[in-house]
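Asks: how does the following fold in three dimensions:
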Amino acid sequence: MSIMLHVQDGLHLTRQALGRLFGICIEKTREAGGRSVEEAARLAGMAASQWEAIEAGYVPADSTQLRSMASALELSFDKIARLAMLFGDALKEVRPIKKKEGTGIKRVNINVEINLHNAFKAATAAQGVDMTTVLIEFIQEYVARNGLATPRKSRRA
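Replies: Numbering: from 1, shown residues only. Next up is the predicted model:
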């Protein structure tokens, strides 16, 4: 598998475009091997929806997942790892949390099942949006739909 990118001055590839290039490479390799999405996903030990998210632009950073994909595609791990590094390093989705003191912003932590988290992350990456933006929009819609609840007064003394 070979890839040639010609980038002119001033042309900036977005996160979505780079991820999509990775996905196209995976998709074309899968098709060349005569495998369906479902078959490739099964061989890699993942859900078909996860495989589809990768072909849509999500670049996995987990070496275990990359190894299982390489095996399903009958590729060497080095080839798929190079692709993921080429396109994934440019994606650096995780960034340090900045303290927003005095800005009226409150941080919220939730515990989510790993598979749901990974599927959500893949879906947002495939759409070129970040997880925080999607969650904030959901919360805003929920509050608009359900109204503001009056907090109960505590019975503690």
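Asks: contacts and neighbour counts: CA atoms only from here.
Replies: Noted.
Asks: can you tell me the closest non-neighbouring residue to residue 49?
Replies: Leaving aside its chain neighbours, residue 49 sits nearest to residue 119 (7.9 Å; criterion: Cα to Cα, 6 or more residues apart in numbering).
Asks: which element, helix or strand, includes that neighbour?
Replies: Residue 119 is part of helix 114-127, with elements assigned from DSSP states H and E.
Asks: quick check: which helices or strands does that helix pack against?
Replies: Contacts defined by 3 or more Cα pairs under 8 Å, 6 or more residues apart in numbering; DSSP states H and E place helix 114-127 against helix 15-32, helix 48-56, helix 131-146.
Asks: let me know the next secondary structure element after the longest one.
Replies: So that's helix 15-32. Going down the chain from helix 15-32, the next helix or strand is helix 37-44, by DSSP H and E.
Asks: give me the contacts around that following helix.
Replies: 30, 47-48, 50-52, 65, 68-69, 71-73 (Cα atoms under 8 Å, 6 or more residues apart in numbering).
Asks: one more pass at 6 Å, please.
Replies: 47-48, 51, 68-69, 72 (Cα atoms under 6 Å, 6 or more residues apart in numbering).
Asks: with distance to residue 111 and neighbour count added, can I get those residues in JSON lines?
Replies: Formatted as JSON lines, these follow (distance: Cα to Cα, whole Å; neighbours: other Cα atoms under 10 Å):
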{"residue": "47", "distance to residue 111": "21", "neighbour count": "16"}
{"residue": "48", "distance to residue 111": "24", "neighbour count": "17"}
{"residue": "51", "distance to residue 111": "24", "neighbour count": "23"}
{"residue": "68", "distance to residue 111": "27", "neighbour count": "20"}
{"residue": "69", "distance to residue 111": "27", "neighbour count": "25"}
{"residue": "72", "distance to residue 111": "31", "neighbour count": "19"}
